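1. Predicted model follows, preceded by the sequence.
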There are 2 protein chains.
Amino acid sequence: MTHLATTPEGTAPHRVVIVGCGFGGLFAARALRRAPVQVTVIDRTNHHLFQPLLYQLATGILSSGEIAPPIRDVLRKQRNTRVLLGDVVRIDADRRSLAVRTLGSRWELGYDSLIVAAGAAQSYFGHDEFAAAAPGMKTLDDALEIRARIFGAFELAEREPDPAQRSRLMTFVVIGGGPTGVEMAGQIAELSRRALRHNFRSIDPGDARVVLIDGGDRLLASFPESLQRRTAQDLKRLGVEIHLGVRVTDVDADGVHTSSADPALARIPAAVKVWAAGVQASPLGRSLAEATGAAVDRAGRIQVRDDCTVPGHPEIFVVGDLMALDQLPGVAEVAMQSGMHAARTITRRLRGKAHKPFRYRDLGSMATISRFRAVATFGPLRLSGFPGWLAWLLVHLAFLTGFKNRIATIASWTIAFIGHGRPERAITAHQALRSGTAPTEGARRS
Amino acid sequence: MTHLATTPEGTAPHRVVIVGCGFGGLFAARALRRAPVQVTVIDRTNHHLFQPLLYQLATGILSSGEIAPPIRDVLRKQRNTRVLLGDVVRIDADRRSLAVRTLGSRWELGYDSLIVAAGAAQSYFGHDEFAAAAPGMKTLDDALEIRARIFGAFELAEREPDPAQRSRLMTFVVIGGGPTGVEMAGQIAELSRRALRHNFRSIDPGDARVVLIDGGDRLLASFPESLQRRTAQDLKRLGVEIHLGVRVTDVDADGVHTSSADPALARIPAAVKVWAAGVQASPLGRSLAEATGAAVDRAGRIQVRDDCTVPGHPEIFVVGDLMALDQLPGVAEVAMQSGMHAARTITRRLRGKAHKPFRYRDLGSMATISRFRAVATFGPLRLSGFPGWLAWLLVHLAFLTGFKNRIATIASWTIAFIGHGRPERAITAHQALRSGTAPTEGARRS
């Protein structure tokens, strides 16, 4: 039952292993679909995560299936590719082999070419103890946890007699003013002002306080200044409090401590905190650096040559968020293009063609603020408000993986944007317990 | 911000408390929407669970939001009703008050009329230790756990070199031949034969062994015999092994032990086991029995009078799965009708009208077997095959709560039944860890 391409000469096929199936890994695998190679994609989860829409999972708009299709279903028609579930724990560059763990068992996976697309995790800048109180926004688990906390906080507020506690339950602090932080703050404001209307009797969810904090002096630091201003305006109109130049010094279950001199900001009582402030490269980067002697930058990323290969190891490519090259930002577009470049370099080599450096084409960037409002750049073009949102809609639909997900997502967006719903709000007993919003332990089995 | 109806005379409104918001509680609340009463619905979770479709969540067809809309959103337009999250731990019938827990705090909730619709949980017939290996099918948590186990087992089988282990990973045992068991077995067979096609390279998911076991001598014991036969035929055509008159004597991580004399059945190695064999009434029934002296039947249900009230306590109603009356079965239809009867009795009393006993109108029952195949009875009518499935489709769409969920569900069903997809297959790191299909602990944060 193994359908693997062989090279035209009938020799053993060239084995390409791709570690991680985010945007970098997925686009590398797809670019190899007609290549005379045997591709193995290995990932720690069963799904490709469409990270730019994770904030919509966290705020009840989309379901996990809509933003996280199974990798093997996405690649099912690609006969030269197999997908394996496993955690790559070590790279042996000399033997061209990976040490992999699946459950208790440890196994080896050999390669001829290796594409490392292991991505990045949340960084708490040395304060990993913040994670329990302020989950990050990198995985399905993160988003589902945050979703349970947001909707759970309103549930508890409805019955809370103490005004101070009620106001703490209805305060949402988002830390980090990049696209994820802006999108989370905008969506929390919107769901409290619109989607939860008429749902409560003792509280008005529209009273919710949404606070967006960033240590820098601008929101969306990588965007043009005109769009930064517009973003701040639009968020303020939604009722989001923006505090720039404020650093978070501590986060606990009760709230957030900041560097602000203003006593009202120095301590913000808040039940729900979201950490969207920084990323650090996958720990697999360290193992790769040890195995190859490659240099690692401050964020833990591997310094690569201009064709995305590791110095001294032309058979090892690093792409996406784990790659340090020309100050390129850690965005989906860089991951896609570098993944494709690695794949094409492998194909070109097999055909004996010359080396080509990776040239990143910046196709623009975008961030939604609320329904019908987004900011976007395409080359010299700057869009905001409704035109920006339309551009956002079309680009995200185009890049969403799989026809089926597009249909389902259009249905969910219609419900959320034209209607007023947040269709995905069910909190499981497990999530309620973890997020501290379960009535009692007994609710585990109802 | 509290919008609560007052009685026409301007006196304090009559307080109705509804405990539990399954079908019984929800239909009681809705039937009170125009009544001059103040309704409080209290539940341990934030959602109304559409239990008849739980098997579709467990097999990747629907998302949790589609079958579990937030209670407060469903009832948002009902101005005389408020929804509270809490776990009712004790009923004080003399003081007409409930002891409720929410998080650490304990509070009281007084009532004038009480409708107890706390439902039922899975029963392991005294073997609660089976639960870890064979989850039940009663809650969102159950279904999500089973979903992770099913899809996770195929993931592990793809890389399993040992044929015996591979066959264990690809064996699915469903215990219980009622509607839930029949529907689970049919859907697991269908997803392995159709939905996962082309997804794997080392295994053929169509080789999966699906075993349905029941201690009795018939499937769907409450259905007419002709439909029982048709169900068995249709399941066999899908490749489901049916073993009747076989009792499960032990369940563990490795598989199932049965009472069968056949050695091949006495021990069935299987990674995934689903328990759909029995129910027991909510523990709140015991507290109610203690408080009122009401009789409890073997399944823990409260013996009620012919108007669904507790003997000696005309102000306390018990409806749905927790109610024992005239041998009525524990099905959604009984819960809906008894919930409505309790609500109407309260309204009639406030108007000074006479007592009316509860008369159950059996509108029929149904069970799907696979896409395009179901069995259904409506009075003297018996449907099977495609006509049965059409009837199933229309009835379930009609009863699904909320227009938005209907739209989303039609989209998902189109994808699953016309297409071949199982759109909701994403396994979170937490689910993978719990279900034993996580690559490693390290996958918690990827």
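-> Okay, I see it.
2. Mind splitting chain A into its structural domains?
-> A:14-44+A:86-122+A:279-350, A:128-277+A:371-435 (automatic domain parsing).
3. now the ones you listed as a markdown table including distance to residue B:288 and mean neighbour count?
-> All C-beta spots, glycine's among them, are computed from the backbone N, C-alpha and C. Formatted as a markdown table, the domains of chain A follow (distance: least, CB to CB, whole Å; neighbours: other CB atoms under 10 Å in any protein chain shown):
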| stretch | distance to residue B:288 | mean neighbour count |
| --- | --- | --- |
| domain A:14-44+A:86-122+A:279-350 | 45 | 21 |
| domain A:128-277+A:371-435 | 22 | 20 |
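4. Turn the ones you listed into a markdown table, including mean pLDDT and distance to residue B:217.
-> Shown next, in a markdown table, are the domains of chain A (pLDDT from 0 to 100; distance: least, CB to CB, whole Å):
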| stretch | mean pLDDT | distance to residue B:217 |
| --- | --- | --- |
| domain A:14-44+A:86-122+A:279-350 | 95 | 39 |
| domain A:128-277+A:371-435 | 92 | 36 |
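5. Next one: residue A:50 from residue A:75, what distance?
-> Computed as CB to CB, to the nearest Å, the residue A:50 to residue A:75 distance reads 15 Å.
6. Actually, residue A:64.
-> Applying CB to CB to residue A:64 and residue A:75 gives a distance of 19 Å.
7. Please say which of these two ends up with more neighbours.
-> Legend: neighbour count by other CB atoms under 10 Å in any protein chain shown for residue A:64 and residue A:75, higher for residue A:64 (26 against 23).
8. Surely the more buried one touches residue B:65?
-> No - with contact defined as CB atoms under 8 Å, residue A:64 does not reach residue B:65; the gap is 9.9 Å.
9. List the residues that contact the residue nearest to residue A:295 when sequence neighbours are not counted.
-> Closest residue to residue A:295 apart from its sequence neighbours, by CB to CB, 6 or more residues apart in numbering or on different chains: residue A:303 at 4.1 Å. Going by CB atoms under 8 Å, 6 or more residues apart in numbering or on different chains, residue A:303 touches A:294, A:295, A:296, A:297, A:311, A:324, A:325.
10. what's the second one sitting at in phi/psi?
-> Here the main-chain torsion angles of residue A:295 (degrees, to the nearest 10) amount to phi -80, psi 150.
11. Quick check, it in contact with residue A:288.
-> No - applying CB under 8 Å as the test, residue A:295 and residue A:288 come out as separate, 11.1 Å apart.
12. shared neighbours, the two?
-> residue A:302.
13. need the helices for the stretch 51-200 of chain A, in chain order.
-> Taking DSSP state H, counting those that start in this stretch as the criterion, the stretch 51-200 of chain A carries its helices at A:54-58, A:64-67, A:71-74, A:140-158, A:163-169, A:179-190.
14. For the longest one, name the packing helices and strands.
-> Other helices and strands packing on helix A:140-158, by 3 or more CB pairs under 8 Å, 6 or more residues apart in numbering or on different chains; DSSP states H and E, are helix A:54-58, helix A:64-67, helix A:163-169, strand A:272-275, helix A:429-435, strand B:81-85, helix B:429-434.
15. what's the next secondary structure element after the fourth one?
-> The helix or strand immediately downstream of strand A:272-275 is strand A:279-281, counting by DSSP states H and E.
16. That next one pairs with which strands, parallel or anti?
-> strand A:120-122 (antiparallel) (DSSP bridges).
17. quick one: the strand it pairs with to chain centroid distance?
-> Centroid displacement of strand A:120-122 relative to its chain, using CA atoms, centre = their mean, to the nearest Å, is 8 Å.
18. ok, residues contacting that strand?
-> Against strand A:120-122 from outside (CB under 8 Å, 6+ apart): A:131, A:136-138, A:142, A:275, A:278-282, A:299, A:321-322, A:330, B:445-446.
19. at 6 Å instead, please
-> A:136, A:138, A:279, A:280, A:281, A:321, B:445 (CB atoms under 6 Å, 6 or more residues apart in numbering or on different chains).
20. out of those residues, who's nearest residue A:28?
-> Proximity of the contacts of strand A:120-122 to residue A:28 (CB to CB) peaks at residue A:321, which lies at 13.7 Å.
21. what's the spacing between the residue lying closest to the closest one once chain neighbours are set aside and residue A:352?
-> Leaving aside its sequence neighbours, residue A:321 sits nearest to residue A:120 (CB to CB, 6+ apart; 3.9 Å). Distance of residue A:120 to residue A:352, given as CB to CB: 35 Å.
22. How about residue A:164?
-> 73 Å.
23. So residue A:168 sits against residue A:268, correct?
-> No - applying CB atoms under 6 Å as the test, residue A:168 and residue A:268 come out as separate, 9.2 Å apart.
24. Thanks a lot, catch you later.
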